[in-house]
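# let me see the structure of the following:
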Amino acid sequence: MDKKEDWKLTEGSRYKIISIGGRDSSLETEGIFKGYATIGIEEAGLVIELCTEHEKSEDKLRIVPLHAILAIDVLDAKEHEGTDEDKEPSGHYYG
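Predicted coordinates for the structure are as follows:
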């Protein structure tokens with residue numbers, strides 16, 4: 001039986017993320033996934049380089065907290081490059 005590949009967000013891929021915005025609204029973020037960021041002690045977020053469609057977003061990054069994410073659309077997936085980091089546990093726990 002073939003090993004089933006888990007879905008992962010890959011650096012360099014383009015995503016559209018819908019997250020909790022204000023009181024009765026959502027926030028849409030479209031851009032290139034750059035990695036994860038630690039926010040404080042226990043919080044984590046996705047680091048997204050915003051696309052040029054965002055107003056005055058030239059080379060701007062947005063951190064979307066994981067607990068605020070409602071949906072993720074994969075617009076352009078890059079191939080996951082298997083490295084040694086896959087074999088070693090991460091220094092952070094995201095969960």
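# burial of the residue nearest to E43 when sequence neighbours are not counted, as a residue count?
Distance criterion CB to CB, 6 or more residues apart in numbering; nearest residue to E43, sequence neighbours excluded, is P65 at 6.0 Å. Using the backbone N, CA and C atoms, a C-beta is placed for each residue, glycine as well. Neighbour count of P65, defined by other CB atoms under 10 Å: 14.
# mind checking pLDDT for P65?
Looking at P65, its pLDDT is 94.
# isn't it up against V47?
No: between P65 and V47 there is no contact under CB atoms under 8 Å: 11.3 Å.
# so where's this structure shaky on pLDDT?
Applying pLDDT under 70 to the chain flags the ranges 1-5, 53-58, 82-95.
# return the set of buried residues in stretch 9-17.
For stretch 9-17, a neighbour-count test (16 or more other CB atoms under 10 Å) marks 13-15, 17 as buried.
# return the subset of the residues you listed lying in strands.
Applying DSSP state E to those, the entries found in strands are 14-15, 17.
# packing partners of the longest strand seen in the chain?
In the chain, assigned by DSSP E, the strand with the most residues is strand 26-39. Other elements packing on strand 26-39 under the criterion 3 or more CB pairs under 8 Å, 6 or more residues apart in numbering; DSSP states H and E are strand 14-20, strand 43-50, strand 61-65.
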